[in-house]
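Asker: can you look at this prediction? I've put the sequence above it.
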Amino acid sequence: TQLLEQSPQFLSIQEGENLTVYCNSSSVFSSLQWYRQEPGEGPVLLVTVVTGGEVKKLKRLTFQFGDARKDSSLHITAAQPGDTGLYLCAGANSGYSTLTFGKGTMLLVSP
Amino acid sequence: DVKVTQSSRYLVKRTGEKVFLECVQDMDHENMFWYRQDPGLGLRLIYFSYDVKMKEKGDIPEGYSVSREKKERFSLILESASTNQTSMYLCASRLGGPPNYGYTFGSGTRLTVV
């Protein structure tokens, strides 16, 4: 069984602060995906990282895939209230037909 | 804009009722999935389908069944609804092929069984 542990579970910050969310596993994944889910909606794909050590930027969001492809991080610079939501990481592996999801990090950004 | 549409945003059903949750995608995706999402438990896979008339059990299939008669439509059926099936149900689809392809999710159906 593959598991993805996300930390922290909850994060409450003020607008303008920086933050990092972590996604860790003892298993190797062929790729990691990050999703954001707003209250009352389904998750929306933000990014897929495929290569060990890969870094992708999406405006103020920076995603990194660990060198060993067992972990990933999401860094948000100067958080805004619109960043509020549940951030989910999900691992894909060619040996498995479905994604493995972490339980998520709930982020609340207050004005 | 590509879409996964779930037929109901909110449903209230009585214990013992047979419940149908419908999901339609307009992206010609081969793979479709049903998850339930509960606080503290995350997303749990109920069933998925690779193609028309194909289905595979996920992690928690007990009490559920599915139907995929057309490529664009994947239905989740609660044979006899129970209160422990109160949850947010999410449908998703993706292209067939490498598992790296991302999922497109619907907006969810919040089901309450009373």
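Answerer: Arrived safely. Residues are numbered from 1 along each chain as shown, chains lettered A, B, ... in the order given.
Asker: quick one: name the residues of chain A near chain B.
Answerer: Proximity of chain A to chain B, by C-beta under 8 Å from any C-beta of the partner chain, involves residues A:30-31, A:33, A:35, A:40-45, A:48, A:50, A:88, A:90, A:92-94, A:96-99, A:101-104. Every residue, glycine included, has its C-beta placed from N, CA and C.
Asker: what subset of those is buried?
Answerer: Buried members of those, counted by 16 or more other C-beta atoms under 10 Å in any protein chain shown: A:31, A:33, A:35, A:41-45, A:48, A:50, A:88, A:90, A:92-93, A:98-99, A:101-104.
Asker: among these, name the ones in helices.
Answerer: The members of those all map outside helices under DSSP state H.
Asker: residue numbers of chain B in contact with chain A?
Answerer: Counting by C-beta under 8 Å from any C-beta, the residues of chain B near chain A are B:4, B:33, B:40-43, B:45, B:48, B:50, B:56, B:58, B:90, B:92, B:98-100, B:102-108.
Asker: just the buried ones from these, in PyMOL syntax?
Answerer: Applying 16+ other C-beta under 10 Å to those, the buried members can be selected in PyMOL as follows:
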select buried, chain B and resi 4+33+42+43+45+48+58+90+92+99+100+102+103+104+105+106+107+108
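Asker: find the closest residue to chain A in chain B.
Answerer: residue B:105 (3.3 Å; C-beta to the nearest C-beta).
Asker: mind listing what the nearest residue to that residue once chain neighbours are set aside touches?
Answerer: Spatial nearest neighbour of residue B:105, excluding adjacent residues (C-beta to C-beta, 6 or more residues apart in numbering or on different chains): residue A:42 at 3.3 Å. Neighbouring residues of residue A:42 by C-beta atoms under 8 Å, 6 or more residues apart in numbering or on different chains: B:4, B:90, B:92, B:105-108.
Asker: now residue A:17
Answerer: When contacts are counted by C-beta under 8 Å, 6+ apart, residue A:17 touches A:78-79, A:109.
Asker: helix or strand: which one has the residue nearest the centre of chain B?
Answerer: Geometric centre of chain B, nearest residue: residue B:34, 2.7 Å, by C-alpha atoms, centre = their mean. Taking DSSP states H and E as the definition, one finds residue B:34 inside strand B:31-38.
Asker: follow-up on the earlier one: tabulate the contacts of residue A:17 (CSV), appending distance to residue B:22, secondary structure and pLDDT.
Answerer: Below are those laid out as CSV (distance: C-beta to C-beta, whole Å; DSSP: H, G, I helix; E, B strand; the rest coil; pLDDT from 0 to 100):
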residue, distance to residue B:22, secondary structure, pLDDT
A:78, 41, coil, 98
A:79, 37, coil, 97
A:109, 35, strand, 97
